[in-house]
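Enquirer: Pasting a predicted model and its sequence here:
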Amino acid sequence: MKSDCQASIAPERITFRTGADLRLALPKGRMLEGVLSLLAGAGIRVRQAERDYRALFSLPGWEVKLLKPQNIVEMLDSGTRDLGFAGADWVAELGADLVEVLDTGLDPVSLVAAAPAAILEDGALPVRPLVVATEYVRLGSRWTETLSLPARLVRSYGATEVFPPEDADCIIDNSATGSTLRANGLVIVQELLKSSTRLYASRCAWADPVRRGRIEELAMLLSAVLEARNRVMLEVNIPADRVAELVAILPCMREPTLSPLSGQGGFAVKAAVPRSELPLVIPRIRRCGGTDIVVSEPSQILP
């Protein structure tokens, strides 16, 4: 029997429904903070009791559970979860047949092969029997076969970088900056793939028009937050005879918004511009005669 339950958390009320809800999986561990921040930016609140693997979700019609990223991939592949956040590296490692709905760009890492510099020959691994330590046994096996390396893989369970040189010749592990590898005297030999936190759907949920529609709505909200993080809202006043010059240098999404200034014969121009281009754009605006420049932070941008 389907049931509804509600939990009131002052000063807001969060509805938690079971049975007909879409089943969302959130990642435990280091990925969770970024995912929660992304959801919060979309106005979606998540409440979790201490040591509880189930969470209350402010968006109606969702049932939420916290799982390790590897388990999320497996649950999506088996169809017991409809939607979940996981790293692309584990989707590749587990060979899961999933639908990538959204690449959040969060937690970017590279999966790399690394080894002590002392064993390398002209920057490459020696062609001899090697011991390779990794959590990514499937990808590791494929990599050594592709290079025709005679290797024995040892499965690690974290802290893979400490295996060489005594317990392994080489490792395959994810790396964000390479600092941990360098601290352990390891040199990157080759990059196998790039990964980030992504939103995946099960094939079953994606094939259902109703569930797919709701998944796409959630992805739209999250995409709006990601777009807003990459842009700022820029407002500037400009004389009427220099509007065209200003518009020509503004890297806006489509066309800027123009509003006549009261009794001044000029215009207020408003545009969402890439954050990274702001240091170049503002001096150009000043040279165009722009004044009263205001830069603000949008929370969501929907093209």
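Expert: Structure received.
Enquirer: What sits closest to Val46 if chain neighbours are left out?
Expert: Using C-beta to C-beta, 6 or more residues apart in numbering and skipping residues adjacent in sequence, the residue nearest Val46 is Ala55, 5.2 Å away. C-beta: built from backbone N, CA, C; applies to glycine.
Enquirer: Count the residues that sit near the one you found.
Expert: Residues within reach of Ala55, counting by other C-beta atoms under 10 Å, total 20.
Enquirer: Just list the residues touching it, thanks.
Expert: When the contact criterion is C-beta atoms under 8 Å, 6 or more residues apart in numbering, the partners of Ala55 are 26, 46-48, 64-66.
Enquirer: Mind telling me what element it is part of?
Expert: Secondary structure from DSSP states H and E places Ala55 in strand 54-57.
Enquirer: What are the buried residues along that strand?
Expert: Residues 55-57 are the ones in strand 54-57 that count as buried (16 or more other C-beta atoms under 10 Å).
Enquirer: wait, which of those is closest to Val187?
Expert: Comparing the buried residues of strand 54-57 against Val187 with C-beta to C-beta places Ala55 closest, at 41.6 Å.
Enquirer: Quickly list the domain ranges of this protein.
Expert: Using automatic domain parsing, the domain parsing of the chain gives 4-103+198-228, 109-195, 231-296.
Enquirer: Can I get these in TSV including distance to Leu302?
Expert: Below are the domains of the chain laid out as TSV (distance: least, C-beta to C-beta, whole Å):
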stretch	distance to Leu302
domain 4-103+198-228	5
domain 109-195	27
domain 231-296	10
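Enquirer: Can you redo the buried residues of strand 54-57 as TSV, where the extra columns are pLDDT?
Expert: As requested, the buried residues of strand 54-57 are arranged in TSV below (pLDDT from 0 to 100):
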residue	pLDDT
Ala55	89
Leu56	88
Phe57	91
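Enquirer: Dump those residues into TSV; add distance to Leu221 as well.
Expert: Formatted as TSV, the entries for these read as follows, by distance: C-beta to C-beta, whole Å:
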residue	distance to Leu221
Ala55	18
Leu56	18
Phe57	13
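Enquirer: Surely Ala219 and Asp103 touch.
Expert: No - with contact defined as C-beta atoms under 8 Å, Ala219 does not reach Asp103; the gap is 10.5 Å.
Enquirer: If we only consider the buried residues of strand 54-57, which is nearest to Ala271?
Expert: When the buried residues of strand 54-57 are ranked by distance to Ala271 (C-beta to C-beta), Phe57 comes first, at 34.6 Å.
Enquirer: shouldn't the closest one be in contact with Ala42?
Expert: No - contact between Phe57 and Ala42 fails when scored by C-beta under 8 Å: they sit 11.8 Å apart.
Enquirer: Now the strand or helix carrying Thr144 - C-alpha only, PDB.
Expert: Under the assignment given by DSSP H and E, the secondary-structure element containing Thr144 is helix 137-146. Extracted as PDB, the C-alpha positions of helix 137-146 are listed here (Å, rounded to 0.1, in the frame of the first residue of the first chain):
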ATOM      1  CA  VAL A 137      40.600  -3.300 -11.900                       C
ATOM      2  CA  ARG A 138      38.400  -3.400 -15.000                       C
ATOM      3  CA  LEU A 139      39.900  -0.200 -16.500                       C
ATOM      4  CA  GLY A 140      43.400  -1.200 -15.400                       C
ATOM      5  CA  SER A 141      43.100  -4.600 -17.100                       C
ATOM      6  CA  ARG A 142      41.900  -2.900 -20.300                       C
ATOM      7  CA  TRP A 143      44.800  -0.400 -20.200                       C
ATOM      8  CA  THR A 144      47.500  -3.000 -19.600                       C
ATOM      9  CA  GLU A 145      46.100  -5.200 -22.400                       C
ATOM     10  CA  THR A 146      46.000  -2.200 -24.800                       C
END
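Enquirer: Which positions within that helix qualify as buried?
Expert: Buried residues in helix 137-146, defined by neighbour count with 16+ other C-beta under 10 Å: 139-140, 143-144.
Enquirer: would a markdown table of the residues you listed with distance to Leu22 be doable?
Expert: Written out in a markdown table, the entries for the buried residues of helix 137-146 read as follows (distance: C-beta to C-beta, whole Å):
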| residue | distance to Leu22 |
| --- | --- |
| Leu139 | 30 |
| Gly140 | 35 |
| Trp143 | 36 |
| Thr144 | 40 |
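Enquirer: Glu33: which of the residues you listed is nearest?
Expert: Of all the buried residues of helix 137-146, Glu33 sits closest to Leu139, with 26.1 Å by C-beta to C-beta.
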